[in-house]
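S.K.: Requesting a structural model of the entry that follows:
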Amino acid sequence: MWTQSRLGRVLSCILTEQLFSAKGWRIVDARHQDGEVVVDVEPTRATAVCSGCGETKHRIHDVKPARLWRHLDGWNTKTLVRTELRRVRCRRCGVRVEQVPWARTRSRFTHEFEAEVLRRARDTSVLGVCRQLGLHWTSVMRLIERWVEESAETHFRRPLRTIGVDEVSYGRGQNKYLTIVWDHERARIVWIGKGRDRDTLGGFFTKLGRRRAARLNAVTMDMAQGYISAVRAAAPQATIVFDRFHIERYLTRALDEIRKAELWRRGGIYRDVVRGKKWLLLRKYRRLTKRKKLDLAVLLQANERLFRAYVLKEQFGHVWTARSATTMKERILRWRKLLNYTRLSPLIEFWERLMRHIDGVCAWAPLRLTNAALEGNNSRVRGISQRAHGYRNPDNLMLVLYHASWR
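M.R.: Here you go, the predicted structure:
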């Protein structure tokens with residue numbers, strides 16, 4: 001009959017054979033030691049691979065003391081791989097430690113364990129990965145940083161035709177912003193920079209290069225003057241398309257200013273009718289329930305200025321049905337005539353803002369490009385920052401964002 005220790009050793013060997021396989025090496029022993037599974041491995045060949053150039057060498061210089069590598073846990077037990085490494089004589093590199101097939105040079109983790117760490121880091125915070133696997137925070141961040149550096153060239157060198165630019169806040173304060181460049185064709189992040197001014201986006205075009213910048217067809221963004229100047233300077237041939245979401249936000253903001261003015265302009269029963277009706281006015285009429293439509297009707301009957309503003313807001317939605325830039329511009333000019341004699345200054349200021357950027361606004365009609373996917377990614381960015389309770393160093397946040405966005 002097998003003893004319990006022998007049975008445990010056999011089971012450990014079977015498990016490690018399933019988790020670990022490498023040509024030119026064999027498992028000679030696997031034992032439980034201090035609550036860990038230690039797997040002893042030895043080479044089966046007289047030759048060794050140089051860790052510098054990757055060539056096979058026959059000349060062995062000496063043998064180093066045994067090293068340990070962290071492997072995937074077996075049966076919720078910490079598993080380690082141990083072996084004595086040889087040093088080879090290489091004419092090109094000198095005396096170098098041999099390269100093992102299960103881990104990178106100078107790494108204390110196997111390839112499978114590093115892949116597991118990176119997989120978990122996409123779904124939880126770095127501190128959460130450290131608690132799950134018993135690692136140090138710096139070890140996990142170094143793995144993420146190495147993976148991002150190796151993947152950056154591959155992702156950044158892919159052709160770009162249509163991109164989106166937007167900023168996202170990662171903390172409290174006026175200067176805690178990141179500029180994110182989005183590839184519309186592949187729906188992924190291309191580049192992240194600190195700040196939200198012209199120089200920040202100019203850094204992206206500097207890295208992109210003149211030749212690749214000249215191949216851009218369209219850039220979607222909000223009406224930030226810094227972004228507009230950077231695009232016109234680096235890619236003047238690209239069509240600037242102002243995001244529909246931001247334009248509608250300016251429109252609803254103007255309507256809300258009218259609501260606030262009406263709240264304080266008249267008192268008594270009129271103020272009670274207007275109070276608490278912000279989202280009722282900002283939501284589109286077709287998305288209101290039957291009960292909400294009745295509440296809206298009561299509100300608009302009690303206040304004539306809100307009635308005019310709400311009707312104008314709904315009529316502006318007809319602008320987005322245009323299929324050409326010329327038609328869209330005509331509808332915007334026609335909408336302006338509806339503002340005559342209304343004395344709704346916030347809506348007039350909104351129209352003047354559109355006319356200052358009319359070419360970029362009307363470019364939406366033929367291209368139909370928006371920053372909707374980028375805005376959705378921004379909420380994910382804030383979620384990644386919040387699950388880690390914030391990042392003091394924005395560089396670490398940028399690495400985590402790259403890692404979570406790329407595959």
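S.K.: CA only for contacts and neighbour counts going forward, please
M.R.: Will do.
S.K.: List the contacts of residue 254.
M.R.: Residues in contact with residue 254 (CA atoms under 8 Å, 6 or more residues apart in numbering) are 346, 347, 350.
S.K.: closest to residue 40 among those residues?
M.R.: Relative to residue 40, the closest of these is residue 350; by CA to CA it sits at 72.5 Å.
S.K.: Now the host helix or strand of that closest one: buried residues?
M.R.: Applying DSSP states H and E as the criterion places residue 350 in helix 345-356. Using 16 or more other CA atoms under 10 Å as the test for burial, helix 345-356 gives 346, 347, 348, 350, 351, 354.
S.K.: what about residue 381, distance to residue 186?
M.R.: 18 Å (CA to CA, to the nearest Å).
S.K.: Neighbour count for the two, which is higher?
M.R.: Legend: neighbour count by other CA atoms under 10 Å for residue 381 and residue 186, higher for residue 381 (20 against 12).
S.K.: Residue 366 reaches residue 325, doesn't it?
M.R.: Yes. Between residue 366 and residue 325 there is a contact at 6.5 Å, judged by CA atoms under 8 Å.
S.K.: Now for residue 208, how many residues are close by?
M.R.: So residue 208, with other CA under 10 Å, has 17 neighbours.
S.K.: oh, I was asking about residue 119
M.R.: Neighbour count for residue 119, taken as other CA under 10 Å: 14.
S.K.: circling back to that earlier point, residue 366 and residue 325: which is more packed in?
M.R.: residue 325 (19 against 13).
S.K.: Contact partners for that one?
M.R.: With CA under 8 Å, 6+ apart, residue 325 has these contacts: 362, 363, 364, 365, 366.
S.K.: To which secondary structure element is the last one assigned?
M.R.: Counting by DSSP H and E, the element that carries residue 366 is helix 364-367.
S.K.: Now do that helix: which elements does it pack against?
M.R.: Helices and strands touching helix 364-367, by 3 or more CA pairs under 8 Å, 6 or more residues apart in numbering; DSSP states H and E, are helix 325-337.
S.K.: CA atoms of the helix it packs on as CSV?
M.R.: Once non-C-alpha atoms are left out, helix 325-337 reads as follows in CSV (Å, rounded to 0.1, in the frame of the first residue of the first chain):
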residue,chain,number,x,y,z
ALA,A,325,-23.2,68.9,-44.9
THR,A,326,-25.1,71.5,-47.1
THR,A,327,-28.5,70.2,-45.9
MET,A,328,-27.4,70.2,-42.3
LYS,A,329,-26.2,73.8,-42.5
GLU,A,330,-29.4,74.9,-44.1
ARG,A,331,-31.4,73.3,-41.3
ILE,A,332,-29.3,75.0,-38.6
LEU,A,333,-29.8,78.4,-40.3
ARG,A,334,-33.6,77.7,-40.5
TRP,A,335,-33.6,76.7,-36.8
ARG,A,336,-32.1,80.1,-36.0
LYS,A,337,-35.1,81.9,-37.5
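S.K.: buried stuff in that helix?
M.R.: Buried residues in helix 325-337 (16+ other CA under 10 Å): 325, 328, 329, 331, 332, 335, 336.
S.K.: from the residues you listed, which is closest to residue 312?
M.R.: Among the buried residues of helix 325-337, and counting by CA to CA, the member closest to residue 312 is residue 335, at 8.0 Å.
S.K.: Can you convert the buried residues of helix 345-356 into CSV and add a column each for distance to residue 150 and pLDDT?
M.R.: Shown next, in CSV, are these (distance: CA to CA, whole Å; pLDDT from 0 to 100):
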residue, distance to residue 150, pLDDT
346, 50, 95
347, 50, 95
348, 51, 94
350, 46, 95
351, 47, 95
354, 43, 94
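S.K.: surely residue 80 meets residue 71?
M.R.: Yes. Between residue 80 and residue 71 there is a contact under CA under 8 Å: 5.5 Å.
S.K.: So those two - more neighbours on which side?
M.R.: Per other CA under 10 Å, whichever of residue 80 and residue 71 has more neighbours is residue 71, with 26 against 23.
S.K.: Please settle this for me: is that one part of a strand?
M.R.: Yes. Under DSSP: H, G, I helix; E, B strand; the rest coil, residue 71 falls within a strand.
S.K.: Okay, and the beta partners of it?
M.R.: Assessed by DSSP bridges, residue 71 has beta-bridge partners residue 79.
S.K.: is it true that it touches residue 115?
M.R.: No. In this structure, residue 71 is not within contact of residue 115 by CA under 8 Å, at 10.5 Å.
S.K.: so residue 95 is in which element?
M.R.: Following DSSP H and E, one finds residue 95 within strand 94-97.
S.K.: Contacts for that strand, please.
M.R.: For strand 94-97, using CA under 8 Å, 6+ apart, the contacting residues are 50, 51, 52, 61, 85, 86, 87, 88, 89, 90.
S.K.: The last one and residue 106, how far apart?
M.R.: When distance is defined by CA to CA, residue 90 is 18 Å away from residue 106.
S.K.: Also the fourth one?
M.R.: Residue 61 sits 19 Å away from residue 106, going by CA to CA.
S.K.: Looking only at neighbour counts, state which of the two leads.
M.R.: Ranked by neighbour count (other CA under 10 Å), residue 61 and residue 106 place residue 61 first, with 14 against 9.
S.K.: Just the element for the more buried one, please.
M.R.: Taking DSSP H and E as the definition, residue 61 sits inside strand 60-74.
S.K.: Quick check: buried residues in stretch 227-243?
M.R.: 227-231, 234-235, 238-243.
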